[in-house]
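Q: give me coordinates for this.
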Amino acid sequence: MPWLILVVAGLFEVVWAIGLKYTDGFTKLWPTVGTVTAMVISILLLGFAMKTLPVGTAYAVWTGIGAVGTVTLGMILLGEPATVARIICILLIVSGIVGLKIFSPG
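A: Okay, here's the model as predicted:
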């Protein structure tokens with residue numbers, strides 16, 4: 001269960017990271033409300049996951065999910081470049097996340 005909570009926390013990290021783009025410097029009310037809400041949920045869920053999982057593993061996986069999701073959505077939603085090099089780097093991050101899951105307790 002802590003791994004599922006951690007994955008959901010990572011997904012909320014993606015939401016708030018992408019949401020930051022839509023807040024326009026926190027000048028748009030509803031995107032700001034959604035972004036701050038996603039931030040709070042993400043941190044709370046990360047904290048719950050860390051009750052069981054090692055802190056280094058949980059934090060690395062959380063940020064990895066956030067990075068992969070944010071870069072991917074940046075390419076899909078925001079027209080950021082989807083070069084071979086960027087995709088290879090994303091796959092390296094994913095392999096690190098999988099490796100931490102395989103070789104970590106919990």
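Q: alpha carbons only for contacts and neighbour counts from here, please
A: OK.
Q: tell me the spacing between the spatially most central residue of the chain and residue 27.
A: Taking CA atoms, centre = their mean, the centroid of the chain lies closest to residue 66, which sits 1.8 Å from it. In this view, residue 66 and residue 27 are 23 Å apart by CA to CA, to the nearest Å.
Q: before we move on, what about residue 55?
A: In terms of CA to CA, residue 55 sits 34 Å off from residue 27.
Q: looking at the two, which has the bigger crowd around it?
A: residue 55 (14 against 10; other CA atoms under 10 Å).
Q: any idea how far that one is from residue 40?
A: On the measure of CA to CA, residue 55 and residue 40 end up 18 Å apart.
Q: returning to that earlier point: list the contacts of the residue nearest to the centre of the chain.
A: 10, 11, 13, 14, 17 (CA atoms under 8 Å, 6 or more residues apart in numbering).
Q: residue 70 is in contact with the last one, correct?
A: In other words, residue 17. Yes: checked against CA atoms under 8 Å, the pair residue 17 and residue 70 is within contact range at 6.6 Å.
Q: just the residues contacting stretch 4-16, thanks.
A: Contacts for stretch 4-16 (CA under 8 Å, 6+ apart): 34-36, 38-39, 41-46, 48-49, 58, 61-67, 69-70.
Q: again, only using 6 Å
A: 35, 38, 39, 42, 45, 46, 49, 62, 65, 66, 69, 70 (CA atoms under 6 Å, 6 or more residues apart in numbering).
Q: next one: that stretch to chain centre, how far?
A: Averaging C-alpha positions (CA atoms, centre = their mean, to the nearest Å) puts stretch 4-16 5 Å from its chain's average.
Q: before we move on, what about stretch 99-106?
A: With CA atoms, centre = their mean, you get 18 Å for stretch 99-106.
Q: average pLDDT for that stretch, rounded please.
A: For stretch 99-106, mean pLDDT rounds to 84.
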